[in-house]
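# my questions are about this predicted structure, shown below with the sequence.
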Amino acid sequence: MAGTSKGEGRTGLLNGFAAYGMWGLVPLFWPLLKPAGAVEILAHRMVWSLAFVAVALVFVRRWAWAGELLREPRRLGLVAIAAAVITVNWGVYIWSVNSGHVVEASLGYFINPLVTIAMGVLLLKERLRPVQWTAVGVGAAAVLVLTLGYGRPPWISLCLAFSFAVYGLVKKKVGLGGVESLAAETAIQFLPALGYLLWLSADGGSTFADEGPGHSALLAATGIVTALPLVCFGAAAIRVPLSTLGLLQYLAPVFQFLLGILWFHEAMPPERWAGFALVWLALTLLTWDALRTARRARARISRASASARDVTAAQPVETAPAGVAAAGAPAAQGATAAQGATADMAAPELAAQDATAPDTLDAQA
């Protein structure tokens with residue numbers, strides 16, 4: 001049994017590395033699609049993602065959620081909002097990579113956890129711990145430093161971070177799995193995207209059929225590039241702790257940042273290094289605080305469970321008349337209930353800590 005659990009954990013970890021590794025290396029893919037423009041690439045991504053995910057869902061026979069979703073207009077409206085927001089995110093990201101702004105795009109995913117926390121305070125009235133406030137303040141200072149370094153606000157980073165944070169918030173309200181959510185969102189995107197591609201082809205601006213079969217295959221592969229990391233992420237999410245996934249999330253922007261400097265040779269003057277250093281300091285504080293809170297919550301749960309076991313073990317086991325046993329049953333049930341309540345009181349704190357870990361969202365890059 002322990003061997004099976006260890007094997008499951010190893011499988012989950014490998015899938016997590018695969019998912020975030022693919023998301024981190026995706027900047028290498030988008031330039032291959034030139035001379036197609038960012039909007040054409042985006043439209044193909046929507047169309048082919050739906051095709052790929054639909055085949056996957058047919059293969060695993062998971063369609064029950066679709067009927068339930070269609071019967072709930074509020075959730076369907078939230079899916080439409082998620083589709084609109086991720087359209088902005090995808091479009092800005094593709095444009096930024098193919099326009100030579102890979103480093104600035106990576107910054108968007110570095111600061112995304114900080115933006116998510118700030119939105120939790122502003123929109124959900126969540127309360128932050130002092131270290132979290134410090135991390136958000138350091139992140140805000142980093143944006144100011146980078147604004148001075150770029151000579152303008154890092155609007156690409158801010159657009160990616162805020163759109164992704166809103167997307168994550170809406171998706172939590174919808175409550176669909178990663179693949180199912182992608183299928184629903186791309187189903188909404190499909191007709192506008194297909195209409196745009198047909199218009200582009202009629203207008204003579206499409207590159208799909210004019211640049212050879214290799215180019216056409218690469219455009220069709222946008223569906224696989226979008227959906228495959230989600231499949232790996234789904235396999236990881238059910239096998240490894242949320243805190244582990246939160247740490248793995250940093251792989252994607254780290255890879256993107258390194259690609260921007262080492263592969264695409266983007267400039268990094270000292271003031272940008274200073275801004276990124278502040279962002280990394282904020283993320284270090286945030287991660288340290290989350291891990292510390294998780295350890296404390298687990299320790300409280302362990303102490304509560306041990307205390308409850310000690311109380312149960314200390315109770316004398318006597319053979320009593322039927323009437324006495326019946327009278328004592330409620331007291332024993334009360335002690336058991338108190339034990340469960342003690343553990344349950346500690347559990348939300350652990351869940352709250354997990355919620356403050358870097359948000360692991362499903363459709364990066």
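Sure, I can see it.
# report the longest helix in this protein, please.
Longest helix in the chain, counting residues (DSSP state H): helix 270-314.
# same for that helix, what does it pack against?
helix 102-124, helix 130-150, helix 242-248, helix 322-356 (3 or more Cβ pairs under 8 Å, 6 or more residues apart in numbering; DSSP states H and E). (Each C-beta comes from the backbone N, C-alpha and C, glycine too.)
# packing partners of the helix or strand where residue 194 lies?
If you go by DSSP states H and E, residue 194 is part of helix 178-202. Helix 178-202 sits against helix 38-60, helix 64-70, helix 73-98, helix 222-237, with contacts defined as 3+ Cβ pairs under 8 Å, 6+ apart.
# now with 6 Å?
Identification of packing neighbours for helix 178-202 by 3 or more Cβ pairs under 6 Å, 6 or more residues apart in numbering; DSSP states H and E yields helix 38-60, helix 73-98, helix 222-237.
# check the offset of the longest helix of the chain from the chain's centre.
A distance of 20 Å separates the centroid of the chain from that of helix 270-314, by Cα atoms, centre = their mean, to the nearest Å.
# now stretch 262-275
26 Å.
# alpha carbons only: can I get it in CSV?
Output of stretch 262-275 as CSV, limited to C-alpha atoms (Å, rounded to 0.1, in the frame of the first residue of the first chain):
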residue,chain,number,x,y,z
LEU,A,262,19.2,33.3,-23.0
TRP,A,263,17.3,32.3,-26.2
PHE,A,264,15.6,35.5,-27.4
HIS,A,265,18.4,37.8,-26.1
GLU,A,266,16.1,40.4,-24.6
ALA,A,267,17.8,43.3,-22.8
MET,A,268,17.9,43.3,-19.0
PRO,A,269,19.3,46.7,-17.8
PRO,A,270,20.0,47.0,-14.0
GLU,A,271,16.7,48.7,-13.1
ARG,A,272,14.8,45.7,-14.6
TRP,A,273,17.0,43.3,-12.6
ALA,A,274,16.1,45.4,-9.5
GLY,A,275,12.4,45.2,-10.2
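# where's the nearest residue in space to residue 123 that is not next to it in sequence, which helix or strand?
Take residue 123 and drop its neighbours on the chain: the residue closest to it by Cβ to Cβ, 6 or more residues apart in numbering is residue 169, 7.4 Å away. Using DSSP H and E, residue 169 maps to helix 155-174.
# what angle separates that helix from helix 73-98?
Helix 155-174 and helix 73-98 are oriented at 160 degrees to each other (axes from the mean of the first three to the mean of the last three Cα atoms, to 10 degrees).
# contacts for helix 155-174 next, please.
With contact meaning Cβ atoms under 6 Å, 6 or more residues apart in numbering, helix 155-174 is reached by 75, 78-79, 81-82, 85-86, 88-89, 92, 96, 101, 104-105, 107-108, 111-112, 115-116, 119, 181, 359, 361.
# pLDDT (mean, whole number) over the helix or strand where residue 8 lies?
Per DSSP H and E, residue 8 falls inside helix 2-25. Helix 2-25 shows a mean pLDDT of 83.
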